[in-house]
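1. Build me a model from this:
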Amino acid sequence: MKKFIAIVCIIGATASFANEGSCSKKEGRENDRKPPREAIEVCVGQIKDATCQVTSRHGDILNGTCRYTPDEKYFACVPNKAKR
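-> Residues are numbered from 1 along each chain as shown. Next up is the predicted model:
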């Protein structure tokens, strides 16, 4: 019985560590996303918070603001209704 309890504890601990790792990887992928080329190009030579427009993949014209990504790797047009 003691061996069974020990095995269950080890499996439970392993599963909890595995879940923590998968969450970190998911967050990392979200933070590593690069803005579309057009969104970066439209802000070249602009100042922070300058207004901008980009065309979405679906052909819609989106008004936005030139901003840095949260990791500050890119300076791009962020649509006004985008998730932040």
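
2. check contacts around the nearest residue in space to Thr55 that is not next to it in sequence.
-> In space, Thr55 comes closest to Ile61 once its chain neighbours are excluded; the distance is 5.7 Å by CB to CB, 6 or more residues apart in numbering. No exception for glycine: its C-beta is placed from N, CA and C like everyone else's. By CB atoms under 8 Å, 6 or more residues apart in numbering, the residues touching Ile61 are Gln53, Val54, Thr55.

3. Contacts for the one helix or strand the second one maps to, please.
-> In this case it means Val54. Assigned by DSSP states H and E, Val54 falls within strand 51-55. The contact list for strand 51-55, computed with CB under 8 Å, 6+ apart, reads 36, 38-39, 42-43, 46, 61-66, 77, 79.

4. Going along the chain, name the helices of the chain.
-> For the chain, the helices defined by DSSP state H occupy 2-31, 37-41.

5. Which of these comes out lowest on mean pLDDT?
-> Note on those: helix 2-31 shows the lowest mean pLDDT, a mean of 48.

6. List the strands paired with the longest strand seen in the chain, with their directions.
-> The residue-count maximum for a strand in the chain (DSSP state E) belongs to strand 61-68. Paired strands of strand 61-68, with direction, are strand 51-55 (antiparallel), strand 75-79 (antiparallel) (DSSP bridges).

7. care to break the chain down by domain?
-> What automatic domain parsing lists as the domains of the chain is 1-32, 35-84.

8. That's all I had, so thanks and see you.
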